[in-house]
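3D model of this:
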Amino acid sequence: EAAVAGSGKLPPELAGDGGASIALVFGREDGSIVLQAGTASIDKAGAPIQAHLTRFTLTISHLSLNMVRDGGIHFYFLVTGTLQFTPKAGEFESGLLQYFKEVTIKLDKAPLARDPRVLLKHIEFQVALSPKQKFNLFNLFSFELRGIGFHPASPKFSGNPAAMNVSGQIAFAEIGDVMQ
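Numbering: from 1, shown residues only. Have a look, this model is predicted:
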């Protein structure tokens with residue numbers, strides 16, 4: 001059995017200036033060295049981390065470590081906490097994104113990796129918002145935002161780029177003309 005520990009920064013483009021520590025325990029199984037256990041902790045647990053590139057404030061309450069085997073072992077963090085859209089002053093004052101300032105996304109073991117190329121084949125998620133958010137959409141309709149999803153390699157678009165989806169309910173008229 002062998003143990004390795006270290007610390008460093010979380011991916012800054014996603015998590016601002018947050019730092020983390022990890023510890024890995026390896027052992028032998030069938031003549032090979034295998035990972036038996038891994039732990040992770042964050043330096044600023046419960047403190048907001050500003051990620052200026054993504055315009056989100058991330059507050060991590062718990063951090064853990066996971067891996068996927070795909071031509072080797074690829075590690076990634078599982079983040080539990082909240083994500084709040086916090087654009088810079090003057091940004092997104094009109095259009096759909098102006099309403100996202102009121103949205104808090106609760107993360108429950110959401111994957112986080114600096115190089116997600118391998119994870120792109122293994123993860124995607126859709127999360128329900130609690131509470132749901134209501135706002136006027138394009139000054140025409142009432143919109144209830146119910147969920148946000150992330151698909152790191154969407155087959156819906158040429159080249160399989162990353163895509164986000166927004167789900168909810170639009171009310172076209174007060175008399176009940178509702179489309180889901």
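
what about the nearest residue to residue 147 once chain neighbours are set aside, which SS state?
Spatial nearest neighbour of residue 147, excluding adjacent residues (C-beta to C-beta, 6 or more residues apart in numbering): residue 167 at 4.2 Å. For every residue, glycine as well, the C-beta is placed using N, CA and C. Per DSSP: H, G, I helix; E, B strand; the rest coil, the secondary structure class of residue 167 is strand.

roughly how far apart are residue 167 and residue 60?
Noted for residue 167: a distance of 25 Å to residue 60, by C-beta to C-beta, to the nearest Å.

still on that earlier bit, contacting residues around the residue nearest to residue 147?
By C-beta atoms under 8 Å, 6 or more residues apart in numbering, the contact list for residue 167 reads 126, 145-149.

beta partners for the closest residue to residue 63 other than its chain neighbours?
In space, not counting the residues next to it along the chain, residue 63 is nearest to residue 42; the distance is 4.4 Å by C-beta to C-beta, 6+ apart. Taking DSSP bridges as the rule, residue 42 bridges to residue 20.

give me the number of residues near residue 42?
Neighbours of residue 42 under the rule other C-beta atoms under 10 Å: 21.

re earlier: just flag the most distant two among the contacts of residue 167.
Pairwise distances across these (C-beta to C-beta) peak at 12.9 Å, for the pair 126 and 145.

who's more crowded, the two?
When neighbours are counted by other C-beta under 10 Å, residue 126 and residue 145 differ, and residue 145 comes out ahead with 20 against 11.

quick one: which helix or strand includes that one?
Secondary structure from DSSP states H and E places residue 145 in strand 141-151.

Just the C-alphas of that strand, formatted as PDB.
What follows is strand 141-151, C-alpha atoms only, in PDB (Å, rounded to 0.1, in the frame of the first residue of the first chain):
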ATOM      1  CA  PHE A 141     -44.700  35.800 -22.100                       C
ATOM      2  CA  SER A 142     -44.500  34.700 -18.600                       C
ATOM      3  CA  PHE A 143     -41.800  32.100 -18.100                       C
ATOM      4  CA  GLU A 144     -41.200  29.800 -15.200                       C
ATOM      5  CA  LEU A 145     -37.600  28.500 -15.200                       C
ATOM      6  CA  ARG A 146     -37.600  25.000 -13.800                       C
ATOM      7  CA  GLY A 147     -34.200  23.500 -14.700                       C
ATOM      8  CA  ILE A 148     -30.800  23.900 -16.300                       C
ATOM      9  CA  GLY A 149     -28.800  21.200 -18.000                       C
ATOM     10  CA  PHE A 150     -25.300  20.800 -19.200                       C
ATOM     11  CA  HIS A 151     -24.300  18.400 -22.000                       C
END
